[in-house]
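*Asks:* Provided below are the primary sequence and the corresponding predicted coordinates.
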Amino acid sequence: MSTLSEAYRDLPHHPHHIIPLDFDSVRTLPDSHVWQPTSHASESEDRLSIPTVDLKDPDAGKLIGHACEAWGAFQVTNHDIPLDLFHEVESEARRLFSLPTGQKLKALRSPGGATGYGLARISPFFNKYMWHEGFTIMGSSIDHARDLWPNDYRRFCDVMEDYQKKMKELAVTLMHLVLKSLDISEEEISRVVSAGGDSTALQLNSYPLCPDPNRAMGLAPHTDTSLLTILHQSTVNGLQIFKEGVGWVLVSPTNGSLVVNVGDLLHILSNAQFRSVLHRVVMKENQQRLSLAYFYCLPSDFHISPLALNSTQMPLYRSVSVRDYIGIKAKNLEKALSLIRI
Ligand SMILES: C=C1C[C@]23C[C@H]1CC[C@H]2[C@@]12CCC[C@@](C)(C(=O)O1)[C@H]2[C@@H]3C(=O)O
Ligand SMILES: O=C(O)CCC(=O)C(=O)O
Ligand SMILES: [Fe+2]
């Protein structure tokens, strides 16, 4: 077995970094959740934003290539995924996160597990806790859903399955456009894209209503491990991406558009021509925030190395299996890429 979940199985977490706070029971922000004030690129933040690409534009591939180079992220419109589907997934996510804490803990991610309810995997790297709860799905969600709703789990599973299917199709389309813009041979493109097929994850994120949003952190700065991540954010602001020389730039939700960002695996594959982008979620508004993140990855036994090389370029990264890279990242977080540099 070389599934993605298997790669996470041998990287156990302490329960302190799995079990979220009982958010409903706290009236003031506990000290364990108070972060230093966060900086903003205040002036530029309002003017600058990541590029938007219309997927039906004949130049979409070129535009996506530019966006991945300049920003490591872009928004995509005209993707043909019906708005209703986002609403259905969000409504099921809301149903899950509004369960009583004791009930949610029945689907808790196990210490050596990859799926289920819990804190973000990056939690152990920070000395404060994030104002966040997540639910990770890899393939079928039936086992956890049965534990949560013994008599009424079908709807949740069906909606999540439908969403993952649509996301996979979109991810394949985007991957082809992205890799073509890198001047990679058709053969290599097919090898990478077809390998990605079963190595995906869907993460439901909830940022509950917070008693002191200015001193809390939704999701701490991180890059995704994926090739590409496709994110749907509900109507509430909070996502920021880091742009070199500018600072943190807000990515406002716009109705029906999806945020796509470059992950570490594409960063390696592109020989750093495309950069995995640092992003975080700040607590801006007095509302619960939901997001749906779909990670398109590669199987754990896939050996990844820079492919986008012309005759004069040297590879910047050594070849590494996805399993080993995930292990390096689990120990070193943001230093992982520099640790595999040649
Ligand atoms: C396929 C993935 C991608 C994971 C791990 C695994 C399942 C859950 C994903 C996230 C979701 C939240 C941020 C992140 C940083 C986290 O802590 O868990 C992501 C991580 C990664 O991109 O590394
Ligand atoms: O909630 C968001 O907008 C971002 C979520 C995210 O970065 C992730 O799940 O990796
Ligand atoms: Fe992320």
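*Replies:* Received it, and whenever you're ready, just let me know what you need. Ligands and ions are numbered 1, 2, ... in the order given.
*Asks:* Look up which helix or strand Met160 falls in, please.
*Replies:* Assigned by DSSP states H and E, Met160 belongs to helix 154-180.
*Asks:* Quick one: distance of that helix to the chain centre.
*Replies:* 14 Å (Cα atoms, centre = their mean, to the nearest Å).
*Asks:* Also compute the angle for the helix or strand following that helix relative to helix 154-180, please.
*Replies:* Sequence-wise, the next helix or strand downstream of helix 154-180 (DSSP H and E) is helix 186-196. Compare the direction of helix 186-196 with that of helix 154-180 by axes from the mean of the first three to the mean of the last three Cα atoms, to 10 degrees and you get 160 degrees.
*Asks:* following helix 186-196, which helix or strand comes up?
*Replies:* strand 200-207.
*Asks:* Buried ones in stretch 21-33, by neighbour count?
*Replies:* Across stretch 21-33, burial judged by 16 or more other Cβ atoms under 10 Å covers Leu21, Phe23, Leu29, His33. Yep, even glycine has a C-beta here, placed from its N, CA and C like the rest.
*Asks:* and which of those is nearest to Asn205?
*Replies:* For the buried residues of stretch 21-33, the residue nearest Asn205 by Cβ to Cβ is Phe23; the value is 13.5 Å.
*Asks:* ok, for the closest one, nearest residue in space, not its chain neighbours?
*Replies:* Pro208 (4.2 Å; Cβ to Cβ, 6 or more residues apart in numbering).
*Asks:* now the one you found: how far from ligand 1?
*Replies:* 16 Å (Cβ to the nearest ligand atom, to the nearest Å).
*Asks:* cool, and Asp57?
*Replies:* Distance from Asp57 to ligand 1, by Cβ to the nearest ligand atom: 29 Å.
*Asks:* Could you give the number of residues near that residue?
*Replies:* A count of nearby residues for Asp57, using other Cβ atoms under 10 Å, gives 13.
*Asks:* Dump the buried residues of stretch 21-33 to a markdown table, plus secondary structure and pLDDT.
*Replies:* Conversion of the buried residues of stretch 21-33 to a markdown table gives the following (DSSP: H, G, I helix; E, B strand; the rest coil; pLDDT from 0 to 100):
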| residue | secondary structure | pLDDT |
| --- | --- | --- |
| Leu21 | coil | 91 |
| Phe23 | helix | 91 |
| Leu29 | coil | 94 |
| His33 | helix | 96 |
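*Asks:* Out of those, the closest to ligand 2 would be?
*Replies:* Phe23 (16.0 Å; Cβ to the nearest ligand atom).
*Asks:* is it true that Ile241 lies in a helix?
*Replies:* No - counting by DSSP: H, G, I helix; E, B strand; the rest coil, one finds Ile241 to be strand, located in no helix.
*Asks:* ok, the helix holding Met160 near ligand 2 or not?
*Replies:* No - judged by Cβ under 6 Å from any ligand atom, helix 154-180 and ligand 2 are separated, with a smallest distance of 13.2 Å.
*Asks:* Begin at 40, not 1, for the rest of this chat.
*Replies:* Happy to do that; since the first residue is 40 now, the last one works out to helix 193-219.
*Asks:* Buried residues, that helix. List them.
*Replies:* Applying 16+ other Cβ under 10 Å to helix 193-219 flags 195-196, 198-200, 202-203, 205-207, 209-210, 212-218 as buried.
*Asks:* Wondering if it reaches ligand 1 at all.
*Replies:* No - applying Cβ under 6 Å from any ligand atom, one finds helix 193-219 separated from ligand 1 by no less than 12.5 Å.
*Asks:* Counting by contacts, list what that helix packs against.
*Replies:* If contacts are counted by 3 or more Cβ pairs under 8 Å, 6 or more residues apart in numbering; DSSP states H and E, helix 193-219 sits against helix 99-109, helix 122-136, helix 181-187, helix 225-235, strand 239-246, strand 267-272, strand 328-335.
*Asks:* Identify the residue nearest the spatially most central residue of the chain in space, chain neighbours excluded?
*Replies:* Nearest to the geometric centre of the chain sits Ala332, at 4.7 Å (Cα atoms, centre = their mean). Nearest residue to Ala332 in three dimensions, chain neighbours excluded: Gln242, at 4.4 Å (Cβ to Cβ, 6+ apart).
*Asks:* hang on, isn't the one you found packed against His271?
*Replies:* No - applying Cβ atoms under 8 Å, one finds Gln242 not in contact with His271, separated by 11.1 Å.
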